[in-house]
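# what follows is a protein structure lacking sequence information:
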């Protein structure tokens, strides 16, 4: 009952957020400078043909009509047609979404696998050598932009050690091994860069939990350090870390356009870049919408995970 | 269930269960080592209960944790022996210690809210202890856990074992902690302030439970507490700590009949007793010294009324046997001082006469404050899925204050007393319009506060000041005390420049600080001194009413007495009115002229102290007063233990709010009709109850009429 309430409330918020996202996406693309018809027809187009095209695209109708039209289309699953590619936006996105998803999931996995144990280890050995070196490691990761890490990874693992290809994308259904070997470097570079934040969060969250009264009691019950850290502390400490992980995931998804460029990874990031460069308004709108949706859903997933880890939310307790 | 070794059991038959010799625990700090537990020696027999009492910082918790070797860096046990069952625990390896913790020596911690892991079921938390120390199967451990939950009086243990801690009330959580403590049938339980975080009616039940469990299992208990009432009720044998030292040990009766250390005497005397009238509480000057900066000579000498030159210059006195009873005391003059008489003065002429013929200064009429249940925009929206089909949406409220009326006359102190969550603080905040009332009227000198705009309210704030429980968080840490007090005067145009400085100095002296205090920052003061600053700040604008929200709850008893005396003195001089909020019945009894007893957002009883503490009683008042532990081992009160816990204010009971727990419930009428707050015996004593006056008068007064305070006034928190 309470869990229903919880989900109901979250979904309500998402619907409201989504409404604002469509408004912003629509507004932003319409303020962008540059006449679409002019862009399509080139500088030599006549006044008449420009006008004809604008009418055909519906660009000379009032903005609110265009907005309502767009939203109604969205609700029917129609995101419009790309001006640049001449294909339905939905289809373009559907093709690239899984690729970006694959990269983002792999990068987040790398980051979590590296950072959570490291953060726990650092917290348990607070202010001692392991803590300092773990923090240093994480700090190095965050100290350079992601695309630079991409280049460093290519240089070290592809060019010098010749372990992995320098880039490109192969569908896993065609060639699973080839696909995975191409995934390692971009996912590793991105994951490494994401490590720092999650690790710092894990560390400080663990430190806070380790000073809780129930940890004291666990020690007074004769529990070993291992049980205390893994059973009593981590399950509590991970709760705030989940938000950070969800945030980093959506960042990995939409934010690292450049990394896809560096590794020739034909995902949503590169599509967005192309769309912006060619003033492809329906495509830009579609990309913004999809990235916003990813943000919203990963946060929604984080909230559900919260509920999984924290029984106080699961059962609607409020203290 | 078996002890790990039989050899130790045999050995232990000759000696005490626990023999602590010269235990010393230090903490490394930048300013050098601090000795938190200094050469502490005592012993404890099987099945015996020893109390370790003292104010905060006395070293009682550190001593207790040292026994289990649970001292974290930068702390370290640097000397002594802890002989338990014939073996020195300080010589054991960490792995051996882990086998003892939770098994032979178990701990019951202070705070039931934070001592259970929120993400583990209570069952997991009990069974893991059992499985850690005993070779039993999972299902057997679960059976034992259910049994131990039964033993500590948790109803429906079998269904509740898979519940999480937040699904239990505070008292029930404390029962879970007791169950964990006793789950491996230890020889020794260390109970660290096991009832301090609980309300007084819950405390009474937990203390009973502890006594009962101990008798059944034959366990020895080391009871750490600051509450002498708890000691008197539970212990055989007491140790008093002060500034890291054990300053007196004695059997319970000897300690209360004839304390041998002046600190023990002062500790007993400074607690306001529920059944005694005082004009002024006897106090000690100052506060416990900082452990990093101890005086030369006896640590207590600077505060001791009997200190001589020898006390101030000699070494720290050792704990030696005194007289022919069980007492040992660390005092040079223990043998020649007779401390058997209380220093509590003859009770005064009684209470002030308050003139209630004119207009009340402050008047609250039918005040209501409802909060939305839950947080955020949709926070109070709840879907009901009952009845199938589409869910229905309802909005829920917490009725924190529900139809409360009272008045305060000039120069009067009116108390609001009740257990946590009864709405007493919300009443004060809503009445002052720090919170917007949902409904109701509030008048200050006849002006309708509830109708005033925010700028008019602001100018009236000068007349109505507030003092909070935690002075540290209510004083701006970046301003000097002089600036804090002076700014209030400037803001309300009372004084500026030289005149302001002069007035600030005078006020600081008035509240017992020096003029030089003006240039210091709040953190340079102790808790009691900070509260004095907060009082000076409130007085700076010459208010007519001061609302005191638990102003002494965070203070040690000896400091609490100083502040209470100060408030009384100020009231006499300035004719200020106080609205005084407290859960501490002894404090309320001491400082208030009239008192409102609150339960679940409503007033259950309202009248003068004499009226409320004497029959007829509202059944809730009666059980509340009866539950206060007296710091007099000879005194037995016929206590009324309430069933269950306070219902949720989101979904309060129908009819009378107290009907679900009332020991005197009549029947349907209590469930259906909300009783009016009606005048009883004469006119200005109000009780909200369906019982007849006679039925509410079956118990004697809690007030012993004006007579000399007996040797041991009681604590009551």
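Ah, there it is. All of these numbers come straight from a predicted model, not from anything done at the bench.

# and residue A:16, what's its pLDDT?
At residue A:16 the predicted local confidence, pLDDT, stands at 90.

# centroid residue for chain A?
Chain A has residue A:250 as the residue nearest its centroid, 1.8 Å off, counting by C-alpha atoms, centre = their mean.

# what does chain A put close to chain B?
Contact residues (C-beta under 8 Å from any C-beta of the partner chain) of chain A with chain B: A:1, A:4-5, A:8-9, A:12-13, A:212-214, A:216-224, A:227, A:231-232, A:235-236, A:309-312, A:315, A:317-319. Where C-beta positions appear, they are placed from N, C-alpha and C, glycine not excepted.

# buried ones among the residues you listed?
A:5, A:8-9, A:13, A:212-214, A:216-223, A:231-232, A:235-236, A:309-312, A:315 (16 or more other C-beta atoms under 10 Å in any protein chain shown).

# helix, strand, or coil at the closest residue to residue B:258 other than its chain neighbours?
Closest residue to residue B:258 apart from its sequence neighbours, by C-beta to C-beta, 6 or more residues apart in numbering or on different chains: residue B:340 at 4.2 Å. Following DSSP: H, G, I helix; E, B strand; the rest coil, we place residue B:340 in the coil state.

# any figure for the gap between residue B:340 and chain A?
39 Å (C-beta to the nearest C-beta, to the nearest Å).

# residues near that residue, how many?
12 (other C-beta atoms under 10 Å in any protein chain shown).

# so it is in contact with residue B:257, correct?
Yes: look at residue B:340 against residue B:257 with C-beta atoms under 8 Å: they come within range, at 6.4 Å.

# need the contact list for the residue lying closest to residue B:338 once chain neighbours are set aside.
Closest residue in space to residue B:338, ignoring its immediate chain neighbours: residue B:258 at 7.9 Å, by C-beta to C-beta, 6+ apart. By C-beta atoms under 8 Å, 6 or more residues apart in numbering or on different chains, residue B:258 lies in contact with B:323, B:325, B:327, B:338-340.

# mind putting the residues you listed into CSV with distance to residue B:685?
CSV is the format used below for the contacts of residue B:258 (distance: C-beta to C-beta, whole Å):
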residue, distance to residue B:685
B:323, 48
B:325, 45
B:327, 45
B:338, 43
B:339, 40
B:340, 39
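
# quick one: the strands in the stretch 201-350 of chain B?
B:220-225, B:237-242, B:245-251, B:320-321, B:328-329 (DSSP state E, counting those that start in this stretch).

# does anything pack onto the second one? Which helices or strands?
Under the contact criterion of 3 or more C-beta pairs under 8 Å, 6 or more residues apart in numbering or on different chains; DSSP states H and E, strand B:237-242 touches strand B:34-44, strand B:49-53, strand B:245-251, helix B:252-257, helix B:262-269.

# using a markdown table, lay out those together with mean pLDDT.
Shown next, in a markdown table, are these (pLDDT from 0 to 100):
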| stretch | mean pLDDT |
| --- | --- |
| strand B:34-44 | 91 |
| strand B:49-53 | 94 |
| strand B:245-251 | 93 |
| helix B:252-257 | 91 |
| helix B:262-269 | 89 |
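
# switch those over to TSV; also include mean neighbour count and distance to chain A.
Formatted as TSV, those follow (neighbours: other C-beta atoms under 10 Å in any protein chain shown; distance: least, C-beta to the nearest C-beta, whole Å):
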stretch	mean neighbour count	distance to chain A
strand B:34-44	21	16
strand B:49-53	25	17
strand B:245-251	25	22
helix B:252-257	20	27
helix B:262-269	26	27
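
# save these as CSV, and put in distance to residue B:452 too.
CSV is the format used below for the helices and strands packed on strand B:237-242 (distance: least, C-beta to C-beta, whole Å):
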stretch, distance to residue B:452
strand B:34-44, 53
strand B:49-53, 49
strand B:245-251, 55
helix B:252-257, 53
helix B:262-269, 46
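
# list the residues that contact residue B:92.
B:69, B:100.

# residue ranges with poor pLDDT in the stretch 151-300 of chain B?
Where the stretch 151-300 of chain B drops to pLDDT under 70, the residues are B:274-279.

# who in it is up against chain A?
So the stretch 151-300 of chain B meets chain A at B:164, B:166-167, B:177, B:180 (C-beta under 8 Å from any C-beta).

# filter those residues down to the buried ones.
B:164, B:166-167, B:177, B:180.

# now do the same for the residue nearest to residue B:614 when sequence neighbours are not counted: helix, strand or coil?
In space, and not counting its chain neighbours, residue B:614 is closest to residue B:701: 3.8 Å by C-beta to C-beta, 6+ apart. Look at residue B:701: counting by three-state DSSP, its state is coil.

# what's the neighbour count on residue 301?
In the absence of a named chain, chain A is used. 14.

# oops, wrong one, chain B.
Other residues near residue B:301 come to 24 when the count uses other C-beta under 10 Å.

# ok, back up a step: pLDDT value on the residue nearest to residue B:614, please?
79.

# which residues does it contact?
So residue B:701 contacts B:613-615 (C-beta under 8 Å, 6+ apart).

# and the gap between residue B:416 and chain A?
From residue B:416 over to chain A the distance is 23 Å, taken as C-beta to the nearest C-beta.

# which strand or helix spans that residue?
Secondary structure from DSSP states H and E places residue B:416 in strand B:413-417.

# residue A:6 too?
Counting by DSSP H and E, the element that carries residue A:6 is helix A:2-31.

# same for that helix, what does it pack against?
Here helix A:2-31 touches helix A:63-75, helix A:281-309, helix A:311-314, strand B:381-384, going by 3+ C-beta pairs under 8 Å, 6+ apart.

# so for residue A:97, what's the pLDDT?
Residue A:97 is assigned a predicted lDDT (pLDDT) of 89.

# and it, its phi and psi?
The phi/psi pair for residue A:97 (degrees, to the nearest 10) reads phi -50, psi -50.

# need the three-state assignment for residue B:22.
Judged by three-state DSSP, the three-state class of residue B:22 is strand.

# what's the answer for residue B:598, then?
Residue B:598 ends up strand, using three-state DSSP.
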